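Q: What would the 3D arrangement of this be:
(5 chains, ligands or ions: 4)
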Amino acid sequence: MERALIISLKVLAIDIPLLALLGGGIGWLLARRDFRGRELASLLVQLPIILPPSVLGLYLLFALGQINFFREAGFLFAFPAAVLGALLPSLPIMIQASRAAFAGVDRELEEAALTLGRRPWEVFLRVTLPLARRTLLVGLALSSARALGDFGVTLMVAGNIPGRTQTLPLYIYGQVESLNFARAHMAALLLVGVGIASLCLVHRLESGAHERLA
Amino acid sequence: MERALIISLKVLAIDIPLLALLGGGIGWLLARRDFRGRELASLLVQLPIILPPSVLGLYLLFALGQINFFREAGFLFAFPAAVLGALLPSLPIMIQASRAAFAGVDRELEEAALTLGRRPWEVFLRVTLPLARRTLLVGLALSSARALGDFGVTLMVAGNIPGRTQTLPLYIYGQVESLNFARAHMAALLLVGVGIASLCLVHRLESGAHERLA
Amino acid sequence: MNALLDAHINELIGDFHLDVSLRLGREIGVLFGPSGSGKSITLRCLAGLRNVRFGLIALSGRVLLDSDAGICEPPHRRKMGLLFQNLALFPHLTALENVLFGCESTGKRRAKSIAREWLARVRLESLENRYPSQLSGGQRQRVALARALANEPEMLMLDEPFSALDGPLRRNLRRELRKLHTETGVPILYVTHQVEDICALGDKVFFIEKGKLTGSNRISDLIRGRGRVDLWKMMGWGNVFQGDVRFCNEGFPSFHWASGDLALKDVSGPGPAIAFVRPDRVRFLDPRMPVDSELSRNTFSGKVEEVLLDGGVLRLHVRTPRGHWQIEQRETGSHSEVFRQGDEVHFAIPPGAIELIFLEEMKGEENLGSSIVEVRA
Amino acid sequence: MNALLDAHINELIGDFHLDVSLRLGREIGVLFGPSGSGKSITLRCLAGLRNVRFGLIALSGRVLLDSDAGICEPPHRRKMGLLFQNLALFPHLTALENVLFGCESTGKRRAKSIAREWLARVRLESLENRYPSQLSGGQRQRVALARALANEPEMLMLDEPFSALDGPLRRNLRRELRKLHTETGVPILYVTHQVEDICALGDKVFFIEKGKLTGSNRISDLIRGRGRVDLWKMMGWGNVFQGDVRFCNEGFPSFHWASGDLALKDVSGPGPAIAFVRPDRVRFLDPRMPVDSELSRNTFSGKVEEVLLDGGVLRLHVRTPRGHWQIEQRETGSHSEVFRQGDEVHFAIPPGAIELIFLEEMKGEENLGSSIVEVRA
Amino acid sequence: HAEVFAAAASLQPVMEKISQEFEREKGIRMDAVFAASGQLAKQIEMGAPYDLFLSADEKWARYLEKKGKLEKVRPVAECPLVLWWESAEDPSLDLVKDKRIRVAIADPEVAPYGALAKEYLEKIGEYENLNNEERLIIAGDVLKAGLAAKSGGAGAAYIPLSIAKKLEGSWTKVPMPPQRLFGGIVKDRDALAALVFYDYLLSPPAAELFREAGFEPVQD
Ligand SMILES: Nc1ncnc2c1ncn2[C@@H]1O[C@H](COP(=O)(O)OP(=O)(O)OP(=O)(O)O)[C@@H](O)[C@H]1O
Ligand SMILES: Nc1ncnc2c1ncn2[C@@H]1O[C@H](COP(=O)(O)OP(=O)(O)OP(=O)(O)O)[C@@H](O)[C@H]1O
Ligand SMILES: [Mg+2]
Ligand SMILES: [Mg+2]
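A: Ligands and ions are numbered 1, 2, ... in the order given. Below is the predicted model:
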């Protein structure tokens, strides 16, 4: 169980920043940039949530299996695949949340910051981001919870190799399959504990955010 | 495949309103009411997303099995269980989205509507709801996509009974397992089609919403 | 006249303490006070948007709030319209829909014609389909005004309704407001910083400072010069000093205050008093000419801090070692000099121009505290 | 003096067409115009927050925009500070942090003392840790003002910076603004509806109507009465009519306009002209007394629409069959009557009080269009 | 890394025991991966690093063999189908005729025991009735069928003996031929330990453990 926990935590440690960067970034693009095919892109990024994880996992498996590079690099059925397996189905949640978050930021505040001589990236860091923070964090919490709990995709592309790709949810699955309910409950509790701890963390960050004025 | 499609659509037809009402309602409570244990409640409602669907399904199965009423009513392994199975893991997404949506509505606008003599529910329908609409719809889209794609929980509590509880994702699973890849792809395509159609619908509703002023 | 609105509010917001009592009949009342004095919060309390610690509010006999009896009507049943200082326009509704929102109860068709009429009255007829984000600042303010007025509440509260509007538009809208008031007779309470608005629109003015009511007066009395002169000062006009009247050893009366003294003429007696000098009674001196003996003790030299030209009147603010003085001059006269900021000027106060109010005379023109009791009976 | 700011803007917003040219030296310019005339949008274009279709903007020799040459500096490099009409305070920062945001580049410690100093200058020293949502309307406006001023841009644009402030505070802040301007010499462009602000603060005023510049003038000229009198009208003061001067069959000159005519005295010639009558030159008549023969053709009767008391001046707006008239009277004189809204009044215009500007004389005081060319060179 | 065998999830308890025993006896450690047979098969097809494959049925082993990924395919053990319920006394095979009882089977499309149960029910002429009366519960796999009955969602379930033994309760054998589980060596992996382990599955100690778990070793 400890090994599974550690792997789950390692997956989270990589996926949370990835979710924040990728999900936040794509959400920002969708909210703020007007490019051709934006609506199409916005639909496509939501596909992973429609497909059941096992189906998604299957397609992903075949897709990655076709690509020589991934095959050679031993990407599949190894830790990187576990990272990817947890990331993919949770990304749409983060993308949508960050899109809503950025769309909700009052442009005039950004403009005000620009006229005060701040460069665009400073404006982003010091105005846009803090104002979007609340919704961004909600999205991050939800999507990392989803990543933590992922089962189907990970099982398919990373396998269920103890000590290498067996995350907590996969461990629980194994325990249930062998009808070791006691251990399964323990592991589930642990999982929920980790989940709640990370939600609490996010919540603390969130409560610092101040309400916006009218 | 048609039968599975129809069941999936029926599940959606029931779950989308439920998601809107329950998820919207709970989100509203969390955003706007100050009650004891609010933070606890807000954590609890997120549990279903942390637990892998099959584990969630397992707990749900035993929980419902304990309750005589559900047992007698033949609730498990029947259509209602499919509805519940799809609802439960998608509800947290809707709850969080609606919480963010309602928290983002400027109170002063609601106050203005009150001073114009509108009753609270009118204010809710005509001011709060339209202003929260954008984020609410994003949440509804995501959560109903999740409901449409649910596999683990449904399989656990509703089984995979063709014509009764076999939804599209379960059908796909069956086809893959019986090596009918062609049919599985078809069904997956169909699933994605339904998903995109509903996202488009939501998107059309959403784009009607107007940006807020500073 | 029996008061339509009778309100007493006692509330704490952070470290800001609000304690205000207002009575208003079928009149237009003006809430006047410096920035941050509690005007907007007063309106919010009246409208029921803030729970008041202690208070009593009655409107046309209905008790809307009685904190002792535990009565507190919710805002939507108070029938008190409020124009918010930051407008609170519904961003998802067009100008017309915003106005309609307030007056729909009268049936769709009729409501629409009322709303259109109000939009026309605020000169926005051509912009009815614009969203608030597509309007200029003043246009938004007018939409908010139309929305509040079209609602036909039993009392109307306007928080700086004209602050973003130009002179002619203000004049028009003041007229519309007056007309509405004459037609409906609802009490109107409005907040402004402009002295102009007070005179043009109000029947009664409430002065508020640091959360406390510091005075109230009929405006007609103010116009006829019968009000307490220190109220002029509150409105930002005139020279007012608090000090006391003494008789010096030679028996000549003079007025002494923190930063100086002035010779007086024909005074009833010594004692603490307020001295008021109208800016237009101040006389400029030519430094090269000898000074009239009557004025000799009352001459001042100072620096011009601000020159304002208000229509035909030149208004100077002058800082001297003996306080800050306002001086007014018709700028028509051929001898009228041109003053510039920073100029050194010399002026004198004729003793006959000094009006004195002895502090004993100043017993509250309107007894505000006691009015609360009547409502309870 | 060489212009520091030289701007020509041509832009379309929906069906609103903006076409404005401005030149400004080390001065304070006032942008004056009715609600919806395009003032705020002009500032946004100058600040670079809006892409302008055609335009040329140069500030102290730097070309910020040249739509022909494809030059367009982004807003953060224009060094043009802008105080937004709806403030745009950062809701997640305290008052102090908001001000700091604009002046951090000078090092943490120093920035903090600058920010504190500015908060003190706008009289908010005690509220530095409040969030915008915890401030009153006027307090918010002052935070926004402090933020814009502390930033020390190369040009400062203020969109109705004082609209929510009371008289004394306005006066103080105008003084601070003047001081800042004297110290730094940056051009300031500010938008206002208050005539008072124009006189007290501006060096130059730009009149704008329906997106077009309709005039510009040095304010000192206005104060000395040397400006075009129709500008007075734009500022909401005086009686201005456009018509033409004719000689009747008896040879007496008279002025004819849409709704009536007036007898004149000593006129140079006939032709299209503007007639301007100062409100304080209008004379009230006692209906029981015979009218002076000189005045007989120029008598009017009308209804008082509005009575304003502005310090010592009584200002009436009177509607007559021959147009709408402004009348001013000192209210000190013992004979001064009390007028009320709705009263019937009689008055006359002495022919000598009618100033005429023949339209041929009115060739642009400042040639605005040509200034553009110089910058290109 | 140790060599890896991949086995159907339903074999997890018994295979864990056998691999422990194997390690104790031979000093060779094998890592185990458990998942649905179909999933494992597809992973092996895509090059998963598994050396030995134990499928719950013949289908997936043959699938890989046909794709040229698996060799030495042969049955390893077999397990009979039983009717299981929670009560203390053994269920009667006529239980399914009781209109109040819902019975669970594994998905006939997916799980061989599901197909076997369906075949049996059709043979005794009850399948249509059960289905029409909505008393038939088709769960995902044999374990889920068992859990359906254990949770109370169904009255009884047709499941393999190996599952029944672990669920406690009581059972009656169904008169149908037992279902076989198949194994095979993944090609081109030079996995010596896996070969040894594969043979070990047929050894007496392993047979004993299989029997304990409700399987019968197959020798042919
Ligand atoms: N998005 C838009 N679409 C169409 N017209 C617009 C839009 N935004 C502004 N306008 C119009 O442009 C004109 C100028 O607006 P601007 O805000 O510059 O006016 P302003 O002079 O600042 O007025 P105010 O004194 O009322 O603030 C207004 O008539 C307004 O209705
Ligand atoms: N949330 C709050 N916490 C603490 N103090 C507050 C809060 N909100 C308002 N105040 C203070 O209450 C006082 C009164 O505010 P109010 O908005 O009523 O002023 P106002 O008279 O309307 O001023 P203005 O003319 O500037 O709009 C102000 O000094 C303000 O700082
Ligand atoms: Mg206020
Ligand atoms: Mg504007």
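
Q: residues contacting the residue in chain A that chain E sits nearest to?
A: Distances between chain A and chain E by Cβ to the nearest Cβ are smallest at A:Gly65, namely 3.7 Å. Quick note: C-beta positions are derived from backbone N, CA and C, even for glycine. Residues counted as contacts of A:Gly65 (Cβ atoms under 8 Å, 6 or more residues apart in numbering or on different chains) are A:71, A:76, E:45-47.

Q: how about the residues of the stretch 1-150 of chain C near chain D?
A: C:14, C:33-36, C:38-41, C:85-86, C:134-139, C:141-142 (Cβ under 8 Å from any Cβ of the partner chain).

Q: hey, what's C:Asn217 bridged with?
A: Beta-bridge partners recorded for C:Asn217 (DSSP bridges): C:Val205.

Q: what about it, distance to chain E?
A: Distance of C:Asn217 to chain E, given as Cβ to the nearest Cβ, to the nearest Å: 81 Å.

Q: where's that residue relative to ligand 4, distance?
A: For C:Asn217, the distance to ligand 4 (Cβ to the ion, to the nearest Å) stands at 34 Å.

Q: what helices or strands is the longest helix seen in chain E leaning on?
A: In chain E, assigned by DSSP state H, the helix with the most residues is helix E:12-26. In terms of contacts (3 or more Cβ pairs under 8 Å, 6 or more residues apart in numbering or on different chains; DSSP states H and E), helix E:12-26 is packed against strand E:3-8, strand E:30-35, helix E:192-200, helix E:204-212.

Q: How about the first one and chain A, touching?
A: Read it as strand E:3-8. Yes: shown here: strand E:3-8 in contact with chain A (Cβ under 8 Å from any Cβ) through E:4, E:6.

Q: Over to the residue in chain E that ligand 4 sits nearest to: give its phi and psi.
A: Proximity of chain E to ligand 4 (Cβ to the ion) peaks at E:Met46, 64.0 Å away. Dihedral pair for E:Met46: phi -90, psi 10, per degrees, to the nearest 10.

Q: quick one, what contacts it?
A: Counted by Cβ under 8 Å, 6+ apart, E:Met46 has contacts A:61-62, A:64-65, A:76.

Q: again, only this time at 7 Å
A: By Cβ atoms under 7 Å, 6 or more residues apart in numbering or on different chains, the contact list for E:Met46 reads A:61-62, A:65, A:76.

Q: Could you check the pLDDT of it?
A: In this model, E:Met46 is scored at 83, pLDDT.

Q: cool, and C:Arg224?
A: On the pLDDT scale, C:Arg224 gets 63.

Q: how many neighbours does the residue nearest to E:Glu119 when sequence neighbours are not counted have?
A: Nearest residue to E:Glu119 in three dimensions, chain neighbours excluded: E:Met176, at 6.9 Å (Cβ to Cβ, 6 or more residues apart in numbering or on different chains). Using other Cβ atoms under 10 Å in any protein chain shown, E:Met176 has 15 other residues around it.

Q: Ok, C:Ala258 next?
A: What C:Ala258 shows, counting by other Cβ under 10 Å, is a neighbour count of 9.

Q: which residues touch it?
A: C:Gly243.

Q: How much space separates it from chain D?
A: 18 Å.

Q: got the phi/psi numbers for that residue?
A: Dihedral angles for C:Ala258 - degrees, to the nearest 10 - are phi -40, psi -50.

Q: I'd assumed C:Pro321 was in contact with C:Phe300.
A: No: assessed by Cβ atoms under 7 Å, C:Phe300 is found out of contact with C:Pro321, at 8.2 Å.

Q: More neighbours: which of the two?
A: Comparing C:Phe300 with C:Pro321 by neighbour count (other Cβ under 10 Å), the higher total belongs to C:Phe300, at 20 against 9.

Q: Please identify the helix or strand for the closest residue to ligand 3 within the stretch 51-200 of chain C.
A: Closest contact between the stretch 51-200 of chain C and ligand 3, by Cβ to the ion, is at C:Gln85 (4.6 Å). Using DSSP states H and E, C:Gln85 maps to neither a helix nor a strand.

Q: State the distance from it to A:Phe70.
A: Going from C:Gln85 to A:Phe70 by Cβ to Cβ, to the nearest Å gives 61 Å.
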